[in-house]
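# Compute the structure for the input listed below.
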Amino acid sequence: MTVVRHQHRTVDVDGVRVAYRESGPADGPVLLLLHGFPTASHQFARLMDALGHTPYRLIAPDYPGFGRTEAPAGFTYTFDRLADIVEGFTDALGLDRFALYVFDFGAPVGLRLATRRPERVTGLIVQNGNAYEEGLSEAAREFTGLRREVPGHEERIRSLFTVEGTRFQYETGVAEPSLISPDNWTLDVHYLGLPGRADAQADLAFDYASNFAHYPAWQAWLRSAGLPVLVVWGAGDPFFTPAGAKAYLRDAPDADVHVFEGAGHFALETHLPEIAPLIEDFLAFSLAGG
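Residues are numbered from 1 along each chain as shown. Here you go, the predicted structure:
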């Protein structure tokens, strides 16, 4: 058994140089980790270390517009295109069976992938990744209602890309903000400041509302797939409410749902010791023989 210890790699996918990190046995069952906004694969570094003793291969790509991934000039930043690149990424790495971990933006990316390639997905872990209208907070509804053509709306979008806006996303709703290391959000600020990144993120922000039309298809996939589902959710998330976590039970009635009081949008930042064992137990079941 060849073991990979948290390596950083790249692969070319449709003209995009996709950066990714992986750990675990090279021939182990795969967990594909899909990150959110405004972060990248580094958000999973502590989780990958916590699961380092397990037999699973953990793979976390950076999307175009995020982290260390390099996209060509003229790349179209929409959720459909992010899903295209992640789908091509799985093809390039030969990932024909994997469990999905989806967080925030990872939900619309990963659920697009699941409905395109349902035969590949062995299980689903959702961490503050919304797929139900009742999971949208008033703030989220207001944010996704912003339109580029309306004066002042783009400025409001771009305020999230600042140091203050990024830190707000990490700390809001968190009972003990001192538990949050500044490493991730300061690294996010660095990547957001790279040339062209703010424009890419603005495009994606304005495209986010396009995901709502896909909710019925994603929910239908959950009903028909009958896969094991684990939902872990920070109760203090200012964007996605606990109602969105519990809504998964409607289409996956056997889902294991955990809502963590005192956790915010980035629940792993404060509740990794509680969440990592749940993921390990889930993988032992969902990836058995995968």
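# Run through the helices of this protein in chain order.
Here the chain has its helices, by DSSP state H, at 45-50, 79-93, 106-116, 138-144, 153-158, 163-171, 182-192, 197-207, 215-225, 242-246, 248-251, 267-286.
# Output those helices as TSV; include the columns mean pLDDT and distance to V16.
The C-beta positions use only the backbone N, C-alpha and C, and glycine is treated the same way. Formatted as TSV, those follow (pLDDT from 0 to 100; distance: least, Cβ to Cβ, whole Å):
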stretch	mean pLDDT	distance to V16
helix 45-50	96	22
helix 79-93	98	5
helix 106-116	98	14
helix 138-144	95	26
helix 153-158	96	23
helix 163-171	96	24
helix 182-192	95	16
helix 197-207	97	12
helix 215-225	98	24
helix 242-246	98	30
helix 248-251	98	31
helix 267-286	95	26
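# Packed most tightly, which of those would that be?
Mean neighbour count (mean count of other Cβ atoms under 10 Å) peaks for helix 106-116 among the helices of the chain, with a mean of 24.
# mind checking how far V13 is from P64?
According to Cβ to Cβ, to the nearest Å, V13 stands 9 Å off from P64.
# Name the residues contacting each of those two.
The contact sets of V13 and P64 overlap at I85 (Cβ atoms under 8 Å, 6 or more residues apart in numbering).
# Neighbour count: these two, which is higher?
The neighbour comparison of V13 against P64 (other Cβ atoms under 10 Å) goes to P64, with 26 against 21.
# give me the number of residues near the spatially closest residue to that one that is not a sequence neighbour?
Distances taken as Cβ to Cβ, 6 or more residues apart in numbering place A71 nearest to P64, at 3.9 Å, with adjacent residues excluded. A71: 21 surrounding residues under other Cβ under 10 Å.
# got the contact list for A71?
Listed by Cβ under 8 Å, 6+ apart, the contact partners of A71 are G15, V16, R17, P64, G65, A200.
# Quick check: it vs V11, distance?
14 Å.
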